[in-house]
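In: One predicted model, sequence on top.
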Amino acid sequence: MTSKAGDGVFAPEQGKRESNAPEQGVDDSDCPEVLDKAAIDRLGRQRPAVFRTTYVEAGFVFAVVTSMMMSEYFVSGFNIVMPEIAAALQISAAERTWPAEVINLTTAILLLPFARLCDMYGGRAVFIAGHVWLAVWSLVGGFSRGPTLLIVCRAMQGVGASAFLPAGLALLGQTYRPGPRKNFVYSIYGAFACIGFYFGIIIGAVAGQLLDWRWYFWIGTIFVFVVMAVGILTIPRHLGDGDTSVRMDWWGVCTIVPGLALVVYALTDGGHAPGGWRNPSIFVTFIVGVLLLCAAVYLEGWVSARPLLPGELFKAKYMKRLAGSLFCSYGVFGLWLFYASYYIETVLHTTPLQTAAWFSPLAVGGMVLAVTGGFVLHLLPGKVLLLIAGGGYLLSTLLFALMPAQSESGPSTSFLYWAYVFPAMLGGTIGVDITFNVTNVFITTAMPQRLQATAAALINSLLYLGMAFWLGVGELAVSTATEKVGDGELSLREQYQIGFWTAVGLAALAMCLMVTVKIGSAASEMTVDEKAALDQDESQR
């Protein structure tokens, strides 16, 4: 046995052949078909040959998965510290959405261009540069003196995340082959998303209640520098090699990026602008954004030689339906997270630290699910896991939508927590973590190595764009209902309930899409490139 983990093509397994092995007398020294199932399974479990020691591999995995942690840190914790920031910087209720969600918007719209930069200059360089950018703007964000600078810093933070997120997933996808080891590493990646989510909540609560809200940004800056340093030391340099023949798709950049930005801006600001959607700046912005996206579909499909979002990405079976369900599912999570944070603090009147404690089941459950998922992804069908995740999304939003109001004669805060909030937190973690782990493994495994960065960008685009887009829809639904009833007629609880019911409907739609997706277990198998090499070899015989 002479093959090594991480090789592009299998070397032969002497004396062992599968049923479709070539006939005697044919030179099969470079054919992957001669590798039996046991050897494939062994390759799917052992340490990739690019790492000299286990310590180097551990450092590499730590750098990549902690990058996801810091991305989640700056999303989740900001919702907890936002009330203190709003009071300190005098941010009105109408302006609160933008500081919270602009990071998701800029991350989502720039993922595809940065994925192309990964192809051009290598994942290692883009990964490190993204952390440098995030660190700088996180540091500046702590010195904000008004909402304008704060929003700019949050937007720039998203630019950094849009660089290192596809680069990190591409590095993992290029390093690990299908099998239990890849499943476990991707599960750790999901676990660190949970850790970052809760770490952000904890630091946001501590900064808001015990320190100063500015420390939320500065503590994050310190951790980003640590991740960057570990990445520089442990990411193999050859993974940073780019392809000088690859060119940026400027037609795609000039249509997709502004198109998405304008549409999401119109949806988010339409409920707060004077006159709402009757305001010319809103409906004109929306129309221009839609026209740009329509132009992007034409240019990417029929004009561009190397589109940012190649059609080949959607050739995998059920890929289109899976992408649609993910866009809706992550939108559910974004709506639920935003409104749950405000509901707990402003309606149930908890302190920031108490709010962080109430979110702890989401983090602990996520870590348990993420780690255990690495041991069962190759045993259970992906469709079953996705349906369980869909049920979790539906439960988490429905419980908040049905939660009764507090009153002197009504249920106590303790009862509301154990009867509604606690199971909703468990449902939320079941939804987002199972979905994240299953689809990450499936999508990266279904793509050849040259599309790993683009696949990673698609995964994260669906996540961040889904959160930003559907939160804009939710805020539009709340503002429309408030306008119809009359300003001041709806309480905060009633406004948040509209957001939760919007999420319930979206969760039902996502679950209907998931029913139609059939994904098997994530077992050890040949990579897409190896299968293509085998098919080419057979066609030449």
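Out: Cool, got the structure.
In: So what's the residue count around Pro404?
Out: Other residues lying near Pro404 total 12 when counted by other C-beta atoms under 10 Å. All C-beta atoms are positioned from the backbone trio N, CA, C, and that covers glycine.
In: again but with Ala261, I slipped
Out: 19.
In: chain center to whichever strand or helix holds Ile128: distance?
Out: Counting by DSSP states H and E, the element that carries Ile128 is helix 123-141. Taking C-alpha atoms, centre = their mean, to the nearest Å, one finds the center of helix 123-141 at 18 Å from the center of the full chain.
In: Would you indicate which residues of that helix are buried?
Out: By 16 or more other C-beta atoms under 10 Å, the buried positions in helix 123-141 come out as 123-131, 133-141.
In: And the next helix or strand past it?
Out: Once the chain leaves helix 123-141, the next helix or strand it forms, by DSSP H and E, is helix 147-175.
In: Give the buried residues for that next one.
Out: Buried residues in helix 147-175, defined by neighbour count with 16+ other C-beta under 10 Å: 147, 150-151, 153-175.
In: got it, and stretch 406-426?
Out: Across stretch 406-426, burial judged by 16+ other C-beta under 10 Å covers 416-417, 420-422, 424-426.
In: and those as TSV, adding secondary structure, distance to Ala477 and pLDDT?
Out: TSV is the format used below for those (DSSP: H, G, I helix; E, B strand; the rest coil; distance: C-beta to C-beta, whole Å; pLDDT from 0 to 100):
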residue	secondary structure	distance to Ala477	pLDDT
Leu416	helix	24	89
Tyr417	helix	27	89
Tyr420	helix	22	92
Val421	helix	23	92
Phe422	helix	27	92
Ala424	helix	20	92
Met425	helix	24	91
Leu426	helix	26	90
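In: Can I get these in CSV including distance to Ala115?
Out: As requested, the buried residues of stretch 406-426 are exported to CSV (distance: C-beta to C-beta, whole Å):
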residue, distance to Ala115
Leu416, 44
Tyr417, 42
Tyr420, 40
Val421, 38
Phe422, 39
Ala424, 34
Met425, 33
Leu426, 34
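In: Closest one of those to Val297?
Out: Checking those against Val297 with C-beta to C-beta, the nearest one is Ala424 at 37.8 Å.
In: Roughly how far does the closest one sit from Val478?
Out: Note on Ala424: its distance to Val478, by C-beta to C-beta, to the nearest Å, is 19 Å.
In: Just give me the longest helix of the chain.
Out: For the chain, the helix with the greatest residue count under DSSP state H is helix 54-89.
In: I'd like the average pLDDT over it.
Out: Per-residue pLDDT over helix 54-89 has a mean of 86.
In: same deal with stretch 458-467?
Out: pLDDT averaged over stretch 458-467 gives 80.
In: can you offset everything so residue one is 19?
Out: Yep, numbering from 19; the last one is stretch 476-485 now.
In: What are the phi and psi values at Leu326?
Out: phi -60, psi -40 (degrees, to the nearest 10).
In: State the pLDDT value of it.
Out: We have a pLDDT of 80 for Leu326.
In: which residues touch the closest residue to it other than its chain neighbours?
Out: Using C-beta to C-beta, 6 or more residues apart in numbering and skipping the chain neighbours, the partner closest in space to Leu326 is Gly270 (3.8 Å). Listed by C-beta atoms under 8 Å, 6 or more residues apart in numbering, the contact partners of Gly270 are 130-131, 314, 317-318, 322, 325-327.
In: so which helix or strand takes in Phe235?
Out: Here Phe235 is assigned to helix 232-252, by DSSP H and E.
In: got the angle for that helix vs helix 141-159?
Out: 160 degrees (axes from the mean of the first three to the mean of the last three C-alpha atoms, to 10 degrees).
In: What is the helix or strand that contains Leu403 packed up against?
Out: Applying DSSP H and E as the criterion places Leu403 in helix 400-420. Counting contacts by 3 or more C-beta pairs under 8 Å, 6 or more residues apart in numbering; DSSP states H and E, helix 400-420 is packed against helix 337-360, helix 440-463, helix 510-533.
In: Now tabulate these in CSV and tack on distance to Ile103.
Out: Listed next are those as CSV, based on distance: least, C-beta to C-beta, whole Å:
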stretch, distance to Ile103
helix 337-360, 13
helix 440-463, 24
helix 510-533, 18
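In: Looking at these, spot the one closest to Tyr234.
Out: The nearest among those, by C-beta to C-beta, is helix 337-360 at 14.1 Å.
In: Now the closest one: average pLDDT?
Out: Here the average pLDDT along helix 337-360 is 87.
In: In it, which residues are buried?
Out: By neighbour count on 16+ other C-beta under 10 Å, the buried set for helix 337-360 is 337, 340-360.
In: quick one: that helix to chain centroid distance?
Out: For helix 337-360 - counting by C-alpha atoms, centre = their mean - the centre lies 10 Å from the chain centre.
In: do the same with stretch 404-421
Out: With C-alpha atoms, centre = their mean as the basis, stretch 404-421 stands 19 Å off its chain's centre.
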